[in-house]
Every structure is written in C-alpha cells, then in structure tokens.
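Peer 1: Pasting a predicted model and its sequence here:
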Amino acid sequence: PWGSAGGFQRRCGGSASTWSTSSASYCGSSSTACARFPGTVAMITAATLVAEIGDLARFTTPRKLMAYLGLVPAEYSSGAKIRRRGITKAGNPRARRLLVESAWTYAKPPRVGQDHQRRQEGVELEIIRIAWKAQLRLNDRYRRLAATGKPKNVVITAIARELVGFIWAIGQRVAAPAAA
C-alpha cells in the first residue's frame, strides 16, 4: 500500500530518513541495529522489525529470537519417537512475514549495488562484514537446499530463520557499545 520508499517518505512527512539516527533515542539501542542492516534488510522492513520485536538485547541467543518469531520446527515427541513438523508460528506474525519476504532476496546472487553502498555509508565496518557474510551464506544455503528438491516455501523459511541469526548478531554488535 505504500508504493515506493519515496512514497513512504512522503506519507511520513519526510521524517523517515532520520529514523536511523533518531530511533535510538526513541526505541533503545537495538533500533539503531535494525535501522542499519546494510545488505540484509531495507529501511522500512528494519523499522517494522524494530517496532514489532523491540529490544534485541533481551534475547540471549539467536535461537531464542527465532523461537520468539515462530521460525523453529514444531516437535511432537513421545518416548523414543521424535516427530518434527512445520514451524511453530508462535510469536509475532507480522515480523515473521517480513522476514520470510526478505528471505526471497537471497535467491538472487549476492552483490552490493548502489543503494546498498549508500546505506552502508557511516556504518561500522564490522557490521558491513556481518551483512556481507549473510548475503554469501544465505544465497549459498538457498542454492543448496533448492538443489535437493525441497519445496521453495520450506527453503525460504529456512533462509528466514538463518537471517534472524544475522539480525541478532548485528543487534548485539550495535547494542554492546551502548550497554558499556
């Protein structure tokens, strides 16, 4: 419904461009992490994730964040039998949907375009490295899982789950200096 990022910017009265700096004072240090995910998610997705998830520092491990978002397999076990099913779908459906939609970008080869380069200006080198590692790893994982013949929705959900791990890593990296 928002159209392009420019349309989103106009509807917000031009304030969206300042979110990456002003959101830290409004939502806490993890919002800076989300708003500065260069190469992993775009600004609108990052802002929505910050609003839906909140402070990433409250999750001690990436698996806890994955479980919170409902991106872990459901398990029905009894005795020696272990049966794993689809994802649990616990937690926030809006954040989960955004992550699954974002995961589709890793079906394409990794690259840093002009938009990514602009978003990376002023961002810590370590965060850029984590984002590039995410692009390489998630694209490779997508290709490997798709080559096994798994359904595309299953592959994309696995990529979304792993994307959460990279988002958590960046969130911890950005939140750490603020906590010190």
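Peer 2: Happy to help now that I have it. Numbers count the residues shown, from 1 in each chain.
Peer 1: can you pull the contacts of the residue of the chain most remote from its centre?
Peer 2: Distance from the C-alpha centroid of the chain, by Cα atoms, centre = their mean, peaks at Gly79 (36.0 Å). Not one residue lies near Gly79 by Cβ atoms under 8 Å, 6 or more residues apart in numbering. C-beta: built from backbone N, CA, C; applies to glycine.
Peer 1: For Ile87, grab phi and psi.
Peer 2: phi -70, psi 160 (degrees, to the nearest 10).
Peer 1: Surely it and Ala67 touch.
Peer 2: No - assessed by Cβ atoms under 8 Å, Ile87 is found out of contact with Ala67, at 10.1 Å.
Peer 1: of those two, who's got more company?
Peer 2: Set side by side, Ile87 and Ala67 show more neighbours around Ile87, with 19 against 16, by other Cβ atoms under 10 Å.
Peer 1: who touches that one in this structure?
Peer 2: 70-74, 157.
Peer 1: Put together CSV for those residues, with pLDDT, secondary structure and neighbour count on each row.
Peer 2: Compiled in CSV, these are given as follows (pLDDT from 0 to 100; DSSP: H, G, I helix; E, B strand; the rest coil; neighbours: other Cβ atoms under 10 Å):
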residue, pLDDT, secondary structure, neighbour count
Gly70, 95, coil, 17
Leu71, 95, coil, 26
Val72, 94, coil, 19
Pro73, 92, strand, 13
Ala74, 93, strand, 13
Thr157, 96, helix, 19
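Peer 1: could those residues go into JSON lines alongside distance to Leu56?
Peer 2: What follows is these, written out as JSON lines (distance: Cβ to Cβ, whole Å):
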{"residue": "Gly70", "distance to Leu56": "16"}
{"residue": "Leu71", "distance to Leu56": "15"}
{"residue": "Val72", "distance to Leu56": "17"}
{"residue": "Pro73", "distance to Leu56": "22"}
{"residue": "Ala74", "distance to Leu56": "24"}
{"residue": "Thr157", "distance to Leu56": "21"}
